[in-house]
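1. Got a predicted structure plus its sequence, pasted below:
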Amino acid sequence: MTILENEKYISNIPQYLINSYIETESFPNFLGEHSNHCYWMIFSDYCFAPSNSFKDSVITATIIPFSDYKWLQTYCSLSKLKTKLDIKKSYINDKHISFIKFMESLPAFHISLKIDKNLDYYKNEKINEKQFFIQHFEGIKTHYSNHINYGVAQPNTRMNIENIKKVITELNNQPKIELFKQAQIISSLISSISKMIIDSTQVESKILWCSDRDNILNYLKKSILQPFVFDMIQTDVYRLNPKNRYHLDFLRKTSIDFDELVRIPDYIAGTISDLNLEKVSVSHEKFLPILYSFLTNPNKSLVLSLKNNSNNLELTKYDFKKVVTKEPNWNNYKKIK
């Protein structure tokens, strides 16, 4: 268990996620087994619960090392043969079970973050959430400006600055603050995973993040040049001070080539979101194979909970192997459609 200290405008969550990864050992072991790989994909999907829901939100990232994109396209083709449905539209049949077995066979690791619906990490009486993000993005703009001043700017740095200026303008008007809160959690997860990959590989890492198409990627689409969460992730990774050289890019959804592999974190996030941890039960039989055959494998999956504890934030690991002590009575689910 790791306790997070509050910080005004720069989130400490990425670093404390890294500390949790190291403590669990399973993710570092996975990275060590694939340390000779140059190319990495991070696929992510989310179940952000509405404010009036009793459920917590969940985000899941699936990390896959690969040799070349033809190899990755083969995975996509295999995935498409197994199922074409997201988990909310799926049901138990041979294809559903086959897809989960396909998930288990991949050289992949999956990290999920369960977020307390009452999470509040802006505990500063002198500033509200809107002001927090204004200052946060002012910091990102300064970060890019410093790169120009010190002659280390990338070709698109000036574009990044213009992008951030437009985001700050939006924040000074009537922004959808909930999307910014969600984006910060996503950035924390993706940047912390990227830092671990970069530091663990023996060669220069080339990381590509592929996200489900959602409101965050589409927000301000007509006025900004790229989704603002890209800038958040780039800056968070830089602040984590990676040891090795790297190239981090983001898949801009011009096609649906990788939708089949985004379906993997969709299945995991959907199951964790539906799960009642106190009763160790789910609402539908389709979630059971993920819970009992997949989440109980610590060599493949890590689930962390992020919640408030007094004036601090707390990260806790779920050990499903201990929680799930026996097979369910599958017949109880057969009548559910």
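-> Received, thanks.
2. Could you list every helix and strand in contact with whichever helix or strand residue 247 is part of?
-> For residue 247, the element it lies in under DSSP states H and E is strand 246-250. Judged by 3 or more Cβ pairs under 8 Å, 6 or more residues apart in numbering; DSSP states H and E, strand 246-250 is in contact with helix 177-200, strand 205-211, helix 228-239. Using the backbone N, CA and C atoms, a C-beta is placed for each residue, glycine as well.
3. out of the ones you listed, which comes closest to residue 309?
-> Across these, residue 309 has its closest neighbour in helix 177-200 (17.0 Å, Cβ to Cβ).
4. Over that closest one, what's the mean pLDDT, rounded is fine.
-> Averaged across helix 177-200, pLDDT comes to 94.
5. list the buried ones in it?
-> 179-200 (16 or more other Cβ atoms under 10 Å).
6. what does stretch 159-176 give?
-> By neighbour count with 16+ other Cβ under 10 Å, stretch 159-176 contains the buried residues 160-161, 163-164, 167-168, 170-171, 175.
7. Stretch 294-302 now?
-> Within stretch 294-302, the residues scored as buried using 16+ other Cβ under 10 Å are 294-296, 298, 300-302.
8. Adding distance to residue 53 as columns, could you present these in a markdown table?
-> Below are these laid out as a markdown table (distance: Cβ to Cβ, whole Å):
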| residue | distance to residue 53 |
| --- | --- |
| 294 | 24 |
| 295 | 21 |
| 296 | 26 |
| 298 | 29 |
| 300 | 28 |
| 301 | 24 |
| 302 | 24 |
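9. residue ranges with poor pLDDT in this structure?
-> Of all residues in the chain, those with pLDDT under 70 make up the ranges 1-9, 51-52, 71-72, 75-85, 91, 121-125, 147-155, 252-257, 310-311, 322-337.
10. Which parts of it are strands?
-> Assigned by DSSP state E, the strands in the chain fall at 2-4, 39-47, 57-66, 109-115, 205-211, 246-250, 301-309, 312-318.
11. before we move on, back to that, so which of the buried residues of stretch 294-302 is the closest to residue 225?
-> Among the buried residues of stretch 294-302, residue 302 lies closest to residue 225 (Cβ to Cβ), at 34.2 Å.
12. What residues are bridge-paired with the closest one?
-> The bridge-partner assignment for residue 302, based on DSSP bridges, gives residue 111.
13. you'd agree it is up against residue 109?
-> Yes. Here residue 302 reaches residue 109: they are 7.5 Å apart, a contact under Cβ atoms under 8 Å.
14. Mind listing the shared neighbours of those two?
-> Here residue 302 and residue 109 share the contacting residues 26-27, scored by Cβ atoms under 8 Å, 6 or more residues apart in numbering.
15. isn't residue 236 right up against residue 188?
-> Yes. Counting by Cβ under 8 Å, residue 236 touches residue 188, with 6.8 Å between them.
16. any shared contact partners between those two?
-> The contact sets of residue 236 and residue 188 overlap at 11, 14 (Cβ under 8 Å, 6+ apart).
17. how near is the closest residue to residue 217 other than its chain neighbours to residue 262?
-> Distance criterion Cβ to Cβ, 6 or more residues apart in numbering; nearest residue to residue 217, sequence neighbours excluded, is residue 227 at 4.6 Å. Separation of residue 227 from residue 262 (Cβ to Cβ, to the nearest Å): 16 Å.
18. again, but for residue 244
-> Distance of residue 244 to residue 262, computed by Cβ to Cβ: 27 Å.
19. rewinding a little: take the helices and strands packed on strand 246-250 and write them to CSV, including distance to residue 74.
-> Conversion of the helices and strands packed on strand 246-250 to CSV gives the following (distance: least, Cβ to Cβ, whole Å):
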stretch, distance to residue 74
helix 177-200, 22
strand 205-211, 16
helix 228-239, 28
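20. which residues does the closest residue to residue 42 other than its chain neighbours contact?
-> Excluding its sequence neighbours, the residue lying closest to residue 42 (Cβ to Cβ, 6+ apart) is residue 209, at 4.8 Å. Residues near residue 209 by Cβ under 8 Å, 6+ apart: 41-42, 44, 190, 194, 233, 248-251.
21. which neighbours does the strand holding residue 247 have in its sheet, and in what orientation?
-> Here strand 246-250 is paired, per DSSP bridges, with strand 205-211 (parallel).
22. Buried residues of the strand it pairs with, list them for me.
-> Within strand 205-211, the residues that count as buried by 16+ other Cβ under 10 Å are 205-211.
23. Now distance to residue 314 too, for those residues, in TSV please.
-> Below are the buried residues of strand 205-211 laid out as TSV (distance: Cβ to Cβ, whole Å):
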residue	distance to residue 314
205	30
206	34
207	28
208	32
209	27
210	30
211	26
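24. quick one: which two of those are the most distant?
-> Based on Cβ to Cβ, the longest span within these runs between 205 and 211 and measures 18.6 Å.
25. show me where the protein has helices.
-> 13-24, 26-33, 69-82, 94-105, 129-149, 157-171, 177-200, 215-218, 228-239, 259-274, 288-293, 320-323 (DSSP state H).
26. Thanks a lot, see you next time.
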